[in-house]
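K.L.:
Sequence and predicted structure are below.
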2 protein chains.
Amino acid sequence: MNTWLTDEQQRVWRSYIEAATLLEDHLDRQLQRDAGMPHVYYGLLVALAESPGRRLRMTELARHAKITRSRLSHAVARLEGNGWVRREDCPSDKRGQFAVVTEEGLEVLERSAPGHVAAVRQALFDRLTPEQQKSLGEIMRIVAEGLQPGEAGADLPWLR
Amino acid sequence: MNTWLTDEQQRVWRSYIEAATLLEDHLDRQLQRDAGMPHVYYGLLVALAESPGRRLRMTELARHAKITRSRLSHAVARLEGNGWVRREDCPSDKRGQFAVVTEEGLEVLERSAPGHVAAVRQALFDRLTPEQQKSLGEIMRIVAEGLQPGEAGADLPWLR
DNA sequence: CGCCCTTTGTTCAAACTTCAATAAGCGGTC
DNA sequence: GACCGCTTATTGAAGTTTGAACAAAGGGCG
């Protein structure tokens, strides 16, 4: 288990960092301009809109978006202030809260989705061959799976 | 020019977001814990350490790290407070400032580099085949190039 | 030189994220 | 039913990022 990276791996890593940084910044600005919120917040609305009842428990939404519950609390507070999300108590668990996209929230989504998708296409998919797109999908699936919380010792299963 | 993504593209995009989010969070925590700074700050020290004279003009450093000058100003102020970076006036341009890694900064880097590299390997390279690594490099190079500032109309060159 | 436009780097306030601490409810066990 | 440990969600303070506004210096051109 070497402690260093090969030259080629270093180049790959640098490219990764650069692209990821530029892409996230690009989308943040695009959405801030056209939808009035950062990319993560937009993702929250999308997740809610796609869910049955247009609602999700806070913890589930956080898991879905890969963010902490704390961050989500703040984010939902902000979105609630915009009137794009509303909180509802969970009847079966008095600790629980649902986040629900409002009608207004859905409208914002509908208005801004085409522009956002266009930005994603233009920055990413339009520049890649179908093979590259497929490859990227596989790679990122693997990476995401490996970092899923609760997988801490996934590569040392004999210690569990 | 369709306005939507195919189902497969949507899956790729979701995987990308998840992996990128989890990876950045993972490295931020790893470095915050082991080096006392977020990933971006660490990248700044690395960039300086690799530069001739261990120094870079602010604007160059910002360009290198793909962040705004404003963000860099704050970051360098913080690193300066840690004693890891020092500012120096540019003799040939009185507006200019150099950021210089200090000896202390280099020590922090040396101490934390192995752990950081290990984290990157474990999260990314160890999980990918050589072909996937190569593919990822190509893909991210393309994406980064497409988003480089000053490329706004790069896909509409006839308008420039 | 004097003018104007650009570049450089910083600053401020507002927004966002993190982390640790907290309150409150769940659920099993004695 | 009282206790204990775990989960849920929020809070507050500290740290970081953003975007606009700014001062100061460069550099060309009349």
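P.N.:
That came through fine.

K.L.:
Quick one: list the elements packing against the helix ranked longest in chain A.
P.N.:
In chain A, assigned by DSSP state H, the helix with the most residues is helix A:7-35. Where contact means 3 or more CB pairs under 8 Å, 6 or more residues apart in numbering or on different chains; DSSP states H and E, helix A:7-35 is packed against helix A:39-50, helix A:103-123, helix B:7-35, helix B:130-147. For every residue, glycine as well, the C-beta is placed using N, CA and C.

K.L.:
Report the inter-axis angle for that helix versus helix B:130-147.
P.N.:
40 degrees (axes from the mean of the first three to the mean of the last three CA atoms, to 10 degrees).

K.L.:
what residues are up against the residue most central in space within chain A?
P.N.:
Closest residue to the average C-alpha location of chain A: A:A65 at 4.6 Å, with CA atoms, centre = their mean. Applying CB atoms under 8 Å, 6 or more residues apart in numbering or on different chains to A:A65 gives the contacts A:V40, A:G43, A:L44, A:A47, A:L72, B:T21.

K.L.:
For it, report the pLDDT, please.
P.N.:
According to the prediction, A:A65 has pLDDT 98.

K.L.:
Check the one 10 residues further on too.
P.N.:
Confidence at A:A75, expressed as pLDDT, is 98.

K.L.:
Verify the assumption that it is located in a strand.
P.N.:
No - assignment of A:A75 by DSSP: H, G, I helix; E, B strand; the rest coil gives helix, placing it outside any strand.

K.L.:
In chain A, what residue comes closest to DNA strand D?
P.N.:
A:T59 (3.0 Å; CB to the nearest atom of the strand).

K.L.:
what's the neighbour count on that residue?
P.N.:
13 (other CB atoms under 10 Å in any protein chain shown).

K.L.:
isn't it right up against A:I67?
P.N.:
No - between A:T59 and A:I67 there is no contact under CB atoms under 8 Å: 11.2 Å.

K.L.:
phi, psi of A:D89?
P.N.:
Per-residue torsions, A:D89: phi -70, psi 150 (degrees, to the nearest 10).

K.L.:
Just give the nearest non-adjacent residue to it, would you?
P.N.:
Nearest residue to A:D89, sequence neighbours excluded (CB to CB, 6 or more residues apart in numbering or on different chains): A:Q97, at 6.6 Å.

K.L.:
Run through the residues that contact that neighbour.
P.N.:
Here A:Q97 is in contact with A:R57, A:M58, A:R87, A:E88, A:D89, A:C90 (criterion: CB under 8 Å, 6+ apart).

K.L.:
Among these, which are located in helices?
P.N.:
Those of the contacts of A:Q97 lying in helices (DSSP H): A:M58.

K.L.:
Going through the contacts of A:Q97, which ones are buried?
P.N.:
By neighbour count, with 16 or more other CB atoms under 10 Å in any protein chain shown, the contacts of A:Q97 hold A:M58 as buried.

K.L.:
Now the contacts of A:Q97 in a markdown table, please, with extra columns for pLDDT and distance to A:L27.
P.N.:
Converted to a markdown table, the contacts of A:Q97 look like this (pLDDT from 0 to 100; distance: CB to CB, whole Å):
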| residue | pLDDT | distance to A:L27 |
| --- | --- | --- |
| A:R57 | 98 | 26 |
| A:M58 | 98 | 24 |
| A:R87 | 98 | 27 |
| A:E88 | 98 | 30 |
| A:D89 | 97 | 33 |
| A:C90 | 96 | 32 |
